[in-house]
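Undergrad: Quick one, structure for this:
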Amino acid sequence: MRLRQDGLKYQGMRRQLVNKVREMLEQDGLMDERVLEAMMNVPRHYFFDSTFDMKYAYDNAAFPIGAGQTISQPYTVAVQTTLLEINKRDKVLEIGTGSGYQCAVLCEMGAKVFSIERQKLLHDQSQKILDHMGYRPRLFYGDGYKGKPAFAPFDKMIITCGAPYIPDALKEQLKIGGIMVIPVGEGNTQRMLRIVRHSENEFEEVDFGTFSFVPMLENTNR
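TA: Numbering: from 1, shown residues only. Prediction:
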C-alpha cells in the first residue's frame, strides 16, 4: 500500500465534491458546516489503494476497497456524521472501520474514536493510513455486534454497515442522552435510524430514509 500526498489538484476536486454534498444536504434539511469542513480537510484519495482507483476518489459514490467491502458514498458519510451531532471530545464507537475514511472525518472533528473492524486486511490497512495522517483512534479487530463494553458508555455510536436488527449489546453501551446512527434492514437497502437514549429503557427512533450498505456480519474474518 502506497501512502499518498495531497496537492492543489486533489484539493480542487475535494472542494467540488463537498459543494455537491452541501447542496444535497440542504435539500434534505440537514446541515452542519463542521462536517463539511472536516470532509474538506480529509483527503479521500488517501483511502484508495491504486493510482487507477484514485481517479474515483472524489466521485459522490461508494467504491470497492477489498474484502467485499466499500468506502461509503461521501453523501452518506455526511448524513451519518451530521445526525450524530459530534462535539469535541465525544467518545464515539464506530462499527465497521472499513477504509478508515469515516473514522478520519470523526477524528478531524475532535472526537475520541473507538472503531471495530471484522476484516483483518482492512483493519491493518486503515491503521497504517490513519497513522500516516496523524490521527490516533483506538482501532480493534473484532466482532462489531459485541461493541466494546470495556470502554462504555459511549456518547455516540455510528454503524457503517447494514444491520438486520439493532444489537442489544450496542444499545446497552450507549450512554443516557447518547445518539446512535445505524442503517437497519436486510437485503440491498436499509432504513437510516437515529436513536436517542433518554433513560435506561427508553429509546427514541427517527427514520431518515433509505440507504444502501454492505451487510453487518458477526465474528471475524482473516
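Undergrad: Any figure for the gap between residue 172 and residue 157?
TA: The spacing between residue 172 and residue 157, counted by CB to CB, to the nearest Å, is 11 Å. Where you see a C-beta, it was placed from the backbone N, CA and C, and this is true even at glycine.
Undergrad: which one of the two has more residues nearby?
TA: Using other CB atoms under 10 Å, the more surrounded residue of residue 172 and residue 157 is residue 157, with 27 against 13.
Undergrad: Show the contacting residues for the more buried one.
TA: 92-95, 170, 173-174, 178-182 (CB atoms under 8 Å, 6 or more residues apart in numbering).
Undergrad: Where is the longest strand in the chain?
TA: strand 174-184 (DSSP state E).
Undergrad: And it, what's buried?
TA: 174, 178-184 (16 or more other CB atoms under 10 Å).
Undergrad: got it, and stretch 12-22?
TA: 13-14, 17-18, 21-22.
Undergrad: and residue 191, what element?
TA: strand 190-197 (DSSP states H and E).
Undergrad: Now do that strand against strand 174-184, angle only.
TA: 170 degrees (axes from the mean of the first three to the mean of the last three CA atoms, to 10 degrees).
Undergrad: Sheet partners, orientation included, of strand 190-197?
TA: Partner strands for strand 190-197, per DSSP bridges, with pairing direction: strand 174-184 (antiparallel), strand 203-211 (antiparallel).
Undergrad: Give the buried residues for the last one.
TA: To tie it back to what came earlier, the one meant is strand 203-211. Within strand 203-211, the residues scored as buried using 16+ other CB under 10 Å are 208, 211.
Undergrad: Please list the outside residues in contact with that strand.
TA: 76, 79, 83, 171, 183, 189-198.
Undergrad: tell me the mean pLDDT over that strand?
TA: Averaged across strand 203-211, pLDDT comes to 98.
Undergrad: Check which helices and strands the helix ranked longest in the chain is in contact with.
TA: What stands out as the longest helix in the chain, according to DSSP state H, is helix 8-28. Where contact means 3 or more CB pairs under 8 Å, 6 or more residues apart in numbering; DSSP states H and E, helix 8-28 is packed against helix 33-41, helix 74-84.
Undergrad: For residue 7, grab the count of nearby residues.
TA: Residue 7 sits with 10 neighbouring residues when counted by other CB under 10 Å.
Undergrad: Just want the phi and psi numbers for it.
TA: Torsion angles at residue 7 (phi, psi; degrees, to the nearest 10) stand at phi -170, psi 180.
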